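S.K.: need a 3D model of the following:
(chains A and B)
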Protein chains: 2
Amino acid sequence: MKAVIISIGEELLTGQTVNTNAAWIAMQLNHAGIEVMETRVVTDNKDDILRTLRSVEHMAPLVLITGGLGPTRDDVTREVLCRYFDASLVPDQQVLDDITGFFALRGRKITEINRDQALVPDKAEVIRNPYGTAPGFWFKREGMSVIAMPGVPYEMKEMVNKHIVPALMQKPRDQYLVHKTILTHGIGESYLAEIIAGWEDNLPENISLAYLPSTGIVKLRITAKGRHEQSLHKAIEEQVEKLLQLIPEYIWGYDNDTLEGVAGQMLKDQGKTVSTAESCTGGTIAQKITSIPGSSAWFAGTIVAYHNRVKQEILNVAPQLIGTHGAVSRKVAEAMAENVKKLLNTDYGIGVTGIAGPDGGSKEKPVGTSWIAIATGNGVSSRKFRFGDNRERNISRTANAALAMLIEQLKQETVNPPGR
Amino acid sequence: MKAVIISIGEELLTGQTVNTNAAWIAMQLNHAGIEVMETRVVTDNKDDILRTLRSVEHMAPLVLITGGLGPTRDDVTREVLCRYFDASLVPDQQVLDDITGFFALRGRKITEINRDQALVPDKAEVIRNPYGTAPGFWFKREGMSVIAMPGVPYEMKEMVNKHIVPALMQKPRDQYLVHKTILTHGIGESYLAEIIAGWEDNLPENISLAYLPSTGIVKLRITAKGRHEQSLHKAIEEQVEKLLQLIPEYIWGYDNDTLEGVAGQMLKDQGKTVSTAESCTGGTIAQKITSIPGSSAWFAGTIVAYHNRVKQEILNVAPQLIGTHGAVSRKVAEAMAENVKKLLNTDYGIGVTGIAGPDGGSKEKPVGTSWIAIATGNGVSSRKFRFGDNRERNISRTANAALAMLIEQLKQETVNPPGR
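M.R.: Predicted coordinates for the structure are as follows:
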């Protein structure tokens, strides 16, 4: 089956909000074997929405819409859909009960504009919203489904996960799309392409490859198309095996793996713990590690030592070390890693010091210079990186490189490669 | 002028990559007075791209395309544009020099597939790429401009900032769009709408309002449309003044302000410093604060005390405090705030402890419970929050609430409201 996603809202067209909804919905549909042909963002102008509905109705039998179902006056999706499907608004007692309950749970009374949200199109199936006041609507006409959901991400996600995808999965399918993404770190796109060119040349007709570079990470997405899901999975696994022979040192994970997730799983499996001492990354490594549920099992804590005073007084880095080598140096990174490991009593310690920019660079140590050290039970290792001149990217790449170094270290102490 | 943005790449349609490019470009165009009518994401299939170009050519005189200009085989944008504009590829010496220089700077030799990127369409103006190997292309035909750029965000951004927007700004304009967004915290969308309903009713014809809720923050975007830019700014400022009378306690900033940016600027203006002691937020507050360039002037450091051991041994929180009240309690949050302030020798200390989930909740203290304390020279204040059951959102809302509390505290010590 094929689908089109339409996101409504001027905030998406002025750039104030990034359209994460479309990406998230696309991923869920993809996992359910539904191919997204196109996504569009349109204004909350009624005519624009109508025109868009008419222009996609022949592209795909499934259209998902987010946004414009809220209680305020700029929300017009319900009205436009009524016009498109020639439907009328009727009161729905269950929706009214849901909204009243929503407010009661918060110790509040229903407001007038929210009461209006209990009016629903008579030609649509209602999708209940446990997290908000706007219900979703599922219209069906001549083999075409149009599903409207609120734009608030967690309200929309609940509807997709609990209602829409399960209902769509019940339909029989004749074409399957299977993806697998191989995640690499430490090598650029062009170099990777040269190393694997021979392998790429020999890919079967129904298997395609895409390169997706991001900050320090290159993702290789393999896609197989065909009628038999199981054989597609098998065909992809064969190709992954070949890649594992070709570029084992660069591969750290698969699909939606994150560096922090893979590192966390390996630490958990090995019963090990980690702590971090961060300067230029300002807590980003800790933030990433603790984004993983259950991370308290392998993460003890962090000292963000932004001021040298904190490096000295809390992290016990010797002032003469900073004086002789500078705060951004191998010696200081290593002392940070070793001392945080000791202070917080963990198996591994990560120490990071660098110049994120835009200020603070010098000819010898330009903006983008980072030192990363990993302390283990067997001593400390460290590496110097030279990223670019963009603060945000320098922080992100430094944090990613530190996690990749930790994974490398953990790989050496395990027989199972990560992410399999 | 009006524009359409087309993003090419299957990674955007499988949801593996979020389309941040379109939002960013839309914001730049908007600031340049160019209204984005629609954004689309299409596959890297040649026919789909051609069909899309043909379907938008009458919608807007300006079409911006990102993606599909890389060196690998899945990149087809250049070829499709040649077909659409009936152009041929010719070698470009300056582009070849740029690519050769790009590799030389990195101590490497140009690869064969990158050398191919120096072939450019004979009917396009070349946009040089200082950060990568793919040049951009600007096609013009019968009053229509089609601009193709690489999908790598920082390469694309450089082209937009340095070349495209300056070139577009030279054209005369007859219609202006002026936006101003008022940022609020601590009140829900519906309640806000009820308080300001009277004001909204009396907005002039050419001024519109949109509500943009996100995690704990509701943004009110006011848009004015008309021929005279200066008078639109003035008209918007008059409305903002009225809102400042109506809801002063909820407003903390404007437009692209961030909580961390506003807090940072206030700390800087007042010559004050802050440190944080974080448990459930795992370094997120520190990460946000240090995302601001120059934050070393007001931020000393953080202790992420994920394990109670770290709360006790590094932050000196008394074990009996944790034993009696629990790690998630007013007393522990306050001790964390006061102790980090003292340990790191700052003017303010933020202490945060909570249950982010999914595990760790109890009937008394369910997942989503957070205690936030702010220690100042005049003692410590604290507040309890009850967010939802989503880990990511709980972390984000706790961090936002902590920064909002810091701004509140800083407001009390200044005569100038923030963000003006």
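S.K.: tally of neighbours for A:S275?
M.R.: Burial of A:S275 is recorded as 30 neighbouring residues (other Cβ atoms under 10 Å in any protein chain shown). All C-beta spots, glycine's among them, are computed from the backbone N, C-alpha and C.
S.K.: tell me the pLDDT of A:G351.
M.R.: You'll see A:G351 listed with a pLDDT of 98.
S.K.: kindly report the same for A:V415.
M.R.: For A:V415, the pLDDT comes out at 54.
S.K.: swap in A:A134?
M.R.: A:A134 carries a pLDDT value of 95.
S.K.: hmm, who's touching the one helix or strand A:W138 maps to?
M.R.: In the assignment (DSSP states H and E), A:W138 maps to strand A:136-141. Strand A:136-141 is contacted from outside by A:69, A:78, A:81, A:85, A:87, A:120-121, A:123-129, A:145-150, A:159, A:163-164, using Cβ atoms under 8 Å, 6 or more residues apart in numbering or on different chains.
S.K.: how about a cut-off of 7 Å?
M.R.: The contact list for strand A:136-141 (Cβ atoms under 7 Å, 6 or more residues apart in numbering or on different chains) reads A:81, A:85, A:120-121, A:123-127, A:129, A:145-150, A:159.
S.K.: can you select the buried ones among those residues for me in ChimeraX?
M.R.: To isolate the buried ones among the contacts of strand A:136-141 in ChimeraX, judged by 16 or more other Cβ atoms under 10 Å in any protein chain shown, type:
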select /A:81,85,120,121,123,124,126,127,129,145,146,147,148,149,150,159
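S.K.: same for chain B: which of the contacts of strand A:136-141 are within range?
M.R.: Among the contacts of strand A:136-141, no residue sits close to chain B (Cβ under 7 Å from any Cβ of the partner chain).
S.K.: coming back round to it: list the neighbouring strands of the strand holding A:W138 plus their orientation.
M.R.: Using DSSP bridges, the strands paired with strand A:136-141 are strand A:124-127 (antiparallel), strand A:144-149 (antiparallel).
S.K.: can I get the ones you listed in CSV including mean pLDDT?
M.R.: As requested, those are exported to CSV (pLDDT from 0 to 100):
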stretch, mean pLDDT
strand A:124-127, 97
strand A:144-149, 96
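S.K.: reformat those strands as TSV; add distance to A:Q230.
M.R.: Shown next, in TSV, are the strands paired with strand A:136-141 (distance: least, Cβ to Cβ, whole Å):
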stretch	distance to A:Q230
strand A:124-127	32
strand A:144-149	28
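S.K.: among these, which is nearest B:N400?
M.R.: With Cβ to Cβ, the closest approach to B:N400 among these belongs to strand A:144-149: 24.5 Å.
S.K.: for chain A, which spans come out with low pLDDT?
M.R.: Counting by pLDDT under 70, chain A contains low-confidence residues at A:172-173, A:414-420.
S.K.: one more time with 50, if that's ok
M.R.: Low-confidence segments of chain A, defined by pLDDT under 50: A:416-420.
S.K.: in it, spot the helix with the most residues.
M.R.: Longest helix in chain A by number of residues, with DSSP state H as the criterion: helix A:391-411.
S.K.: residues of it that come out buried?
M.R.: A:391, A:393-411.
S.K.: helices and strands around that helix, which ones?
M.R.: When contacts are defined as 3 or more Cβ pairs under 7 Å, 6 or more residues apart in numbering or on different chains; DSSP states H and E, helix A:391-411 sits against helix A:259-270, helix A:284-290, strand A:348-354, strand A:369-376, strand A:379-386.
S.K.: domain-wise, how is chain A divided?
M.R.: Domain ranges of chain A: A:2-169, A:176-254, A:259-411, per automatic domain parsing.
S.K.: just those: most buried one?
M.R.: When those are scored by mean count of other Cβ atoms under 10 Å in any protein chain shown, the highest mean neighbour count falls to domain A:259-411 (a mean of 22).
S.K.: just want the angle from the longest helix of chain A to helix A:259-270.
M.R.: Here helix A:391-411 runs at an angle of 20 degrees relative to helix A:259-270 (axes from the mean of the first three to the mean of the last three Cα atoms, to 10 degrees).
S.K.: restricting to C-alpha, output helix A:391-411 in CSV.
M.R.: C-alpha atoms of helix A:391-411 as CSV (Å, rounded to 0.1, in the frame of the first residue of the first chain):
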residue,chain,number,x,y,z
ARG,A,391,29.7,25.3,17.8
GLU,A,392,26.6,23.1,17.7
ARG,A,393,28.3,20.6,15.4
ASN,A,394,31.5,20.6,17.3
ILE,A,395,29.6,19.7,20.5
SER,A,396,27.6,17.0,18.8
ARG,A,397,30.5,15.4,17.0
THR,A,398,32.7,15.4,20.1
ALA,A,399,29.9,13.7,22.1
ASN,A,400,29.4,11.2,19.3
ALA,A,401,33.1,10.5,19.0
ALA,A,402,33.4,9.9,22.7
LEU,A,403,30.5,7.4,22.7
ALA,A,404,32.1,5.7,19.6
MET,A,405,35.4,5.4,21.5
LEU,A,406,33.6,3.9,24.4
ILE,A,407,32.0,1.3,22.1
GLU,A,408,35.4,0.5,20.6
GLN,A,409,36.8,0.0,24.0
LEU,A,410,33.8,-2.2,25.0
LYS,A,411,34.1,-4.2,21.7
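S.K.: picking that back up, quick one: closest of the helices and strands packed on helix A:391-411 to chain B.
M.R.: Taking Cβ to the nearest Cβ, helix A:284-290 is the member of those nearest to chain B, at 2.7 Å.
S.K.: wait, which of the domains of chain A is closest to B:S370?
M.R.: Between B:S370 and the domains of chain A, the tightest spacing by Cβ to Cβ is seen for domain A:259-411, at 14.1 Å.
S.K.: my read: A:P293 touches B:N390, true?
M.R.: No - taking contacts as Cβ atoms under 7 Å, A:P293 lies outside contact range of B:N390: 10.6 Å.
S.K.: residues from the stretch 251-400 of chain A in reach of chain B?
M.R.: Residues of the stretch 251-400 of chain A lying near chain B (Cβ under 7 Å from any Cβ): A:282-284, A:286-287, A:290-291, A:293-294, A:296, A:299-307, A:310, A:314, A:343-344, A:358-359, A:390-393.
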